[in-house]
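>>> The sequence isn't on hand, but the structure is:
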């Protein structure tokens, strides 16, 4: 520790630049992680907020709510099936709305539910669909775009207008602002549904055997539906690969910096060895330096990533998960330690006599 701190004091600018580079890489890792979380949440919040044991979707729909259509007769058969304690049909459609007396269209996801059931979202302000089944409950993401309680939204095509009665939060779907309406109202908005619904959210026991008793359905979990949203898996894989490449780059950067510093100090290291310093003492000092600089850089990265969370709220999909951030921090510290191994090998091979001769 003494040697490590003495070197910090002797070469402040050099180690500050190394710390800055580590902080930049760590910041990129944390920011990309939060962006990936934000995009995932923006695609799936509405589905994951449904506290159901299973979802019944149409056979052949490949777990896509857009492709799934369940008839009223099938939905009723699911409700009456053994093991089902509660079953609620719901419908998802994609459309556009504009405020009354305005022409700017906003792309939205519309979810039709039965009021006063476990599918109805809780509201953070205003009234719920239970109180106003003829109105709309909007997600906070739409409220951030200037839509407020009391506004009338016109659905296109069709020109049907409904009043905003409440605001919920954490219910985005497919990265679009989400509207909740009653099933009766969504039937008016989309007459071509002919009473069909997208899926049935089910609570109960032994639900995986339900397709044996009700024709034309297959069972799905919330994760099955989320992973089959258009582009969801590809988007997450892309961002995850970028993060992994950044971690590899961090290892290479740290290894390169400390290897160059080690080469620059070969004479000093050889002299210290000649004076009795063991390879372990020198290696420990280098490892302590690496971990201290990495820890400071990671802390700076955490501050940057967390600060951006508040700055980006409501502007871009951005969500910090502290458990994931701590995992990446531990991984970056491990990478710093592994990246220093190349320099440790060089220290072990320092020849004291050769270093002294070069110094002379």
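Sure thing, it's come through. All of these numbers come straight from a predicted model, not from anything done at the bench.
>>> Name the nearest residue to residue 37, sequence neighbours excluded.
residue 319 (4.1 Å; C-beta to C-beta, 6 or more residues apart in numbering). Glycine gets a C-beta too; all of them are placed from N, C-alpha and C.
>>> actually residue 177, not the one I wrote
Residue 177 sits nearest to residue 142 (C-beta to C-beta, 6+ apart), 3.6 Å away.
>>> Could you tell me whether that neighbour really is in a helix?
Yes - under DSSP: H, G, I helix; E, B strand; the rest coil, residue 142 sits within a helix.
>>> quick one: low-confidence parts of the stretch 201-350 of the chain?
269, 312-315, 350 (pLDDT under 70).
>>> residues contacting the residue nearest to residue 177?
106, 108, 177, 178, 179 (C-beta atoms under 8 Å, 6 or more residues apart in numbering).
>>> Most widely separated two among the residues you listed?
Using C-beta to C-beta, the two most remote members of these are 106 and 178, lying 11.5 Å apart.
>>> and the two? which has more neighbours close in?
Neighbours were counted for residue 106 and for residue 178 using other C-beta atoms under 10 Å; residue 178 has more, 25 against 18.
>>> show me what contacts that one?
Residues near residue 178 by C-beta under 8 Å, 6+ apart: 46, 108, 109, 110, 111, 138, 139, 141, 142, 171, 172.
>>> and it, bridged to which residues?
Taking DSSP bridges, one obtains residue 109 as the residues bridged to residue 178.
>>> Name the SS class of residue 93, please.
Secondary structure, three-state DSSP: residue 93 is strand.
>>> still on that earlier bit, any idea whether the residue nearest to residue 37 is helix, strand or coil?
The local conformation at residue 319, judged by three-state DSSP, is coil.
>>> ditto for residue 111
At residue 111 the chain is in strand, as set by three-state DSSP.
>>> give me the number of residues near it?
By other C-beta under 10 Å, neighbour count at residue 111 equals 26.
>>> unless I'm mixing things up, it is touching residue 95, no?
No - the pair residue 111 / residue 95 is not scored as a contact, 11.3 Å apart, by C-beta atoms under 8 Å.
>>> Separate out the buried members of the contacts of residue 178.
Buried subset of the contacts of residue 178 (neighbour count, 16 or more other C-beta atoms under 10 Å): 46, 108, 109, 110, 111, 138, 139, 141, 142, 171, 172.
>>> buried ones in stretch 292-305?
In stretch 292-305, counting by 16+ other C-beta under 10 Å, buried: 292, 293, 294, 295, 296, 297, 298, 300, 301, 302, 304, 305.
>>> same question, stretch 273-290
Quick answer for stretch 273-290 (16+ other C-beta under 10 Å): 273, 277, 282, 283, 285, 286, 287, 288, 289, 290.
>>> So which residues make contact with stretch 65-83?
Contacts to stretch 65-83, defined as C-beta under 8 Å, 6+ apart, come from residues 56-58, 60-61, 84, 87, 89, 92, 94, 193, 195-200, 202, 204-207, 209-210, 213-217, 225, 230.
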